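In: sequence and predicted structure below; questions after.
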Amino acid sequence: MTVLQRVKSITHRICEQSKPTRDVYLDHLREAASRKPKRSALACANLAHGFAACSPSDKAALAGDVVPNLGIITSYNDMLSAHQPFETYPQLIKAAAKEAGGVAQVAGGVPAMCDGVTQGQPGMELSLFSRDVIAMATAIGLSHDMFDAAVYLGVCDKIVPGLVIGALTFGHLPAVFIPAGPMTTGLPNDEKAKTRQLYAEGKVGREALLESESKSYHGPGTCTFYGTANSNQMLMEIMGLHMPGSSFINPGTPLRDALTREAAKRALAITALGNEYTPVGEMIDERSIVNGVVGLHATGGSTNHTMHLVAMAAAAGIKLTWQDISDLSDVVPLLARVYPNGLADVNHFHAAGGMGYIIRELLDGGLLHEDVKTVWGGGDGLRAYTIEPKLGENGTVVREPVAAESADKKVLSTCKQPFQVTGGLKMLKGNLGTAVIKTSAVKADRHIIEAPAIVFDSQAALQDAFKAGKLDRDFVAVVRFQGPRANGMPELHKLTPALGVLQDRGHMVALVTDGRMSGASGKVPAAIHVTPEALDGGIIGKIHDGDVVRLDAEIGTLDVLEDPDVLAARPTPEVDINHNSYGMGRELFAAFRNVVGKAENGASVFG
Ligand SMILES: O=C(O)C(=O)C[C@H](O)[C@H](O)COP(=O)(O)O
Ligand code: SF4
């Protein structure tokens with residue numbers, strides 16, 4: 001079977017397993033698409049409220065049934081360097097809409113949490129739940145039913161997935177995603193990581209650490225490592241939700257603004273009022289989802305997307321499983337080396353050929369569905385994205401075919417000579433249940449770890465043990481009661497410096513947890529998202545200090561090598577997790593912790 005046949009076979013399987021839910025979803029979408037313009041279903045009083053604060057010309061336009069109205073869902077705030085540039089986007093979008101003969105209104109804002117600010121802090125326990133809050137907030141904005149299309153302003157970790165879930169819930173509306181772009185390159189990410197390890201060893205002080213961090217994170221735009229935020233940009237591009245070439249253009253540049261204006265105009269061109277109606281819920285189908293998974297593997301994207309993609313697909317009635325993701329990993333090569341999978345950052349990635357190169361290489365390698373619908377339209381499907389965007393005259397965007405060769409073969413490779421013959425993510429199975437590991441960032445001699453367990457009920461306990469010098473040995477750190485129901489499944493990325501120091505000292509170390517890691521986590525082998533979680537009675541909760549745990553990322557297994565009957569007979573320990581239920585707003589998320597689904601089903605609160 002060729003790789004294309006394999007990809008098509010997996011896609012067919014996804015279509016089959018999705019059919020019942022996808023058919024219902026599409027029926028609901030077509031029912032919702034009944035009126036055009038959408039506001040014509042509103043009564044006069046509703047409509048008057050909807051345009052009361054508009055300019056006289058916009059009021060006149062919206063009073064009629066001809067002019068399309070564009071809803072803006074924005075996640076602007078000053079907390080995320082990646083979202084700060086969105087402050088000025090609504091004005092840019094409204095002006096572009098006017099030029100295109102339409103109207104644009106901010107339909108609503110959504111919250112956006114910075115995982116960098118909350119990493120290792122109590123706030124991180126709200127992070128995963130914030131994805132579904134963002135989807136709900138998106139629905140609140142669009143529920144005014146004033147809009148014929150929407151543009152979604154978002155970049156970071158949980159925000160884009162939440163916006164996609166919201167957009168697909170309003171699948172009858174065309175959707176264009178508008179990014180803000182990466183910050184310019186500062187202190188290289190590997191130098192930042194080295195200073196963190198020196199700090200963890202007490203070899204440098206807080207002043208040196210803060211100076212290093214501030215040189216790395218130094219301005220507006222997305223952090224430059226290839227974590228979840230930049231994986232989001234890759235997904236929006238390869239799933240056809242961005243204008244071609246949008247992902248990695250720096251903020252505050254004329255080309256960035258040109259792409260934003262162009263996105264607003266394109267959204268207005270694909271409403272039901274025109275002749276290119278492109279409802280996002282029909283545009284995003286099983287092939288688009290598979291294209292997203294292929295892109296994730298080929299670029300070594302974030303482990304968080306093993307949950308977010310499952311949740312996003314479900315919002316369109318599509319059932320994506322970890323088995324599908326794992327099977328695609330077996331046929332998709334790793335084509336990019338961007339930190340933590342290498343030394344380059346996303347600016348280097350873009351300069352080497354970026355998304356246009358990746359999409360072209362994967363299309364030519366028979367690994368992507370080419371004949372998919374995109375917001376760009378036209379008959380070229382995804383081939384239209386094998387371009388490089390440039391600034392044209394009068395603030396327009398021109399697109400040139402992407403260069404034939406990678407401009408930096410240490411950053412972007414080919415399907416014929418990939419960095420790794422399989423994808424960056426691997427599913428693990430065994431008597432601990434199922435888990436995920438990011439192999440693209442782990443050296444080959446660390447893909448198999450078998451060592452005694454040391455069990456922790458919090459990341460702080462592990463950090464304390466490290467500081468007390470108790471961890472200088474080969475061991476598997478088992479950090480449990482970090483699952484969605486226990487405490488919202490935080491990222492445990494703060495453990496990376498300590499575990500990295502131990503690994504650099506030559507110890508064979510690994511992490512096993514029912515929690516998450518950051519997409520920026522890297523070199524230490526980590527089996528994460530272990531399902532079932534400890535609070536659900538999972539075996540991870542029954543591991544004792546000294547039990548031998550074996551993680552094998554080569555064959556995809558995760559086991560505790562103890563007598564199964566002994567393990568099964570062990571009671572789930574009584575661990576006091578009450579401290580997770582209050583403080584920093586956690587009081588407000590008890591309902592989420594009670595209803596949230598399993599990690600392998602996307603850890604969603606929507607059932
Ligand atoms: O990619 C993801 O999933 C992330 O969550 C990345 C977070 O934003 C990191 O926490 C920020 O990186 P650090 O500065 O190393 O903490
Ligand atoms: S990439 Fe992560 S750390 Fe950077 S702004 Fe986004 S959420 Fe914050």
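Out: Sure thing, it's come through. Ligands and ions are numbered 1, 2, ... in the order given.
In: hmm, G245 and Q233 touching each other?
Out: No. With contact defined as C-beta atoms under 8 Å, Q233 does not count as touching G245 (11.1 Å). Using the backbone N, CA and C atoms, a C-beta is placed for each residue, glycine as well.
In: need the overlap of contacts for the two.
Out: When contacts are counted by C-beta atoms under 8 Å, 6 or more residues apart in numbering, Q233 and G245 are jointly contacted by M355.
In: kindly check the end-to-end length of stretch 413-425 for me.
Out: Criterion C-alpha to C-alpha, to the nearest Å; first-to-last residue distance in stretch 413-425 is 18 Å.
In: which secondary structure elements does the host helix or strand of K8 contact?
Out: Using DSSP states H and E, the element containing K8 is helix 3-32. Counting contacts by 3 or more C-beta pairs under 8 Å, 6 or more residues apart in numbering; DSSP states H and E, helix 3-32 is packed against helix 280-283, helix 286-299, helix 322-329.
In: all strands of the stretch 501-607 of the chain, in order?
Out: 509-513, 526-531, 548-552, 557-560 (DSSP state E, counting those that start in this stretch).
In: what does the longest one rub up against?
Out: Residues lying outside strand 526-531 but in contact with it, judged by C-beta under 8 Å, 6+ apart, are 303, 306-307, 428, 432-438, 483, 489, 510-517, 538, 540, 551, 558, 598-600.
In: can you tell me which of the helices and strands packed on helix 3-32 is packed in deepest?
Out: Here the criterion is mean neighbour count by mean count of other C-beta atoms under 10 Å, and of the helices and strands packed on helix 3-32 the winner is helix 286-299, at a mean of 27.
In: now that one: average pLDDT?
Out: Averaging pLDDT along helix 286-299 yields 98.
In: is ligand 1 within reach of that helix?
Out: No. Interface with ligand 1: helix 286-299 contributes nothing (C-beta under 6 Å from any ligand atom), its closest point being 12.7 Å away.
In: that helix packs against which elements?
Out: Using 3+ C-beta pairs under 8 Å, 6+ apart, helix 286-299 sits against helix 3-32, helix 228-238, helix 305-315, helix 322-329, helix 354-364.
In: run the angle between it and helix 354-364 for me.
Out: Compare the direction of helix 286-299 with that of helix 354-364 by axes from the mean of the first three to the mean of the last three C-alpha atoms, to 10 degrees and you get 110 degrees.
In: helices along the stretch 101-250 of the chain, start to end?
Out: Remark: helices assigned in the stretch 101-250 of the chain by DSSP state H, counting those that start in this stretch are 115-118, 127-142, 159-169, 189-200, 206-216, 228-238.
In: could I get those as JSON lines with mean neighbour count?
Out: Shown next, in JSON lines, are the helices of the stretch 101-250 of the chain (neighbours: other C-beta atoms under 10 Å):
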{"stretch": "helix 115-118", "mean neighbour count": "20"}
{"stretch": "helix 127-142", "mean neighbour count": "22"}
{"stretch": "helix 159-169", "mean neighbour count": "28"}
{"stretch": "helix 189-200", "mean neighbour count": "19"}
{"stretch": "helix 206-216", "mean neighbour count": "14"}
{"stretch": "helix 228-238", "mean neighbour count": "28"}
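In: V375: which of those helices is closest?
Out: helix 228-238 (9.7 Å; C-beta to C-beta).
In: orientation of that closest one relative to helix 305-315 in degrees?
Out: Using the same axes, to 10 degrees: helix 228-238 against helix 305-315 is 40 degrees.
In: what's the burial count for N275?
Out: 7 (other C-beta atoms under 10 Å).
In: where's it relative to A269, distance?
Out: Noted for N275: a distance of 9 Å to A269, by C-beta to C-beta, to the nearest Å.
In: quick one: the strands in the stretch 351-500 of the chain, in order.
Out: 387-391, 397-401, 425-430, 433-438, 448-456, 475-479.
In: so can I have CSV of those showing distance to S18?
Out: CSV is the format used below for those (distance: least, C-beta to C-beta, whole Å):
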stretch, distance to S18
strand 387-391, 31
strand 397-401, 33
strand 425-430, 19
strand 433-438, 20
strand 448-456, 35
strand 475-479, 34
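In: nearest to ligand 2, out of those strands?
Out: Distance to ligand 2, taken as C-beta to the nearest ligand atom, is lowest for strand 433-438 among those, at 16.2 Å.
In: list the contacts of that closest one.
Out: 300, 302-303, 306, 322, 424-429, 512, 517, 521-522, 525-532, 538-540, 551, 553, 558, 600.
In: that strand vs ligand 1: in contact?
Out: No. Where contact is defined by C-beta under 6 Å from any ligand atom, no part of strand 433-438 touches ligand 1; the two come within 10.6 Å at best.
In: need the helices and strands packed on helix 3-32 in CSV with distance to ligand 2, can you?
Out: CSV is the format used below for the helices and strands packed on helix 3-32 (distance: least, C-beta to the nearest ligand atom, whole Å):
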stretch, distance to ligand 2
helix 280-283, 24
helix 286-299, 16
helix 322-329, 22
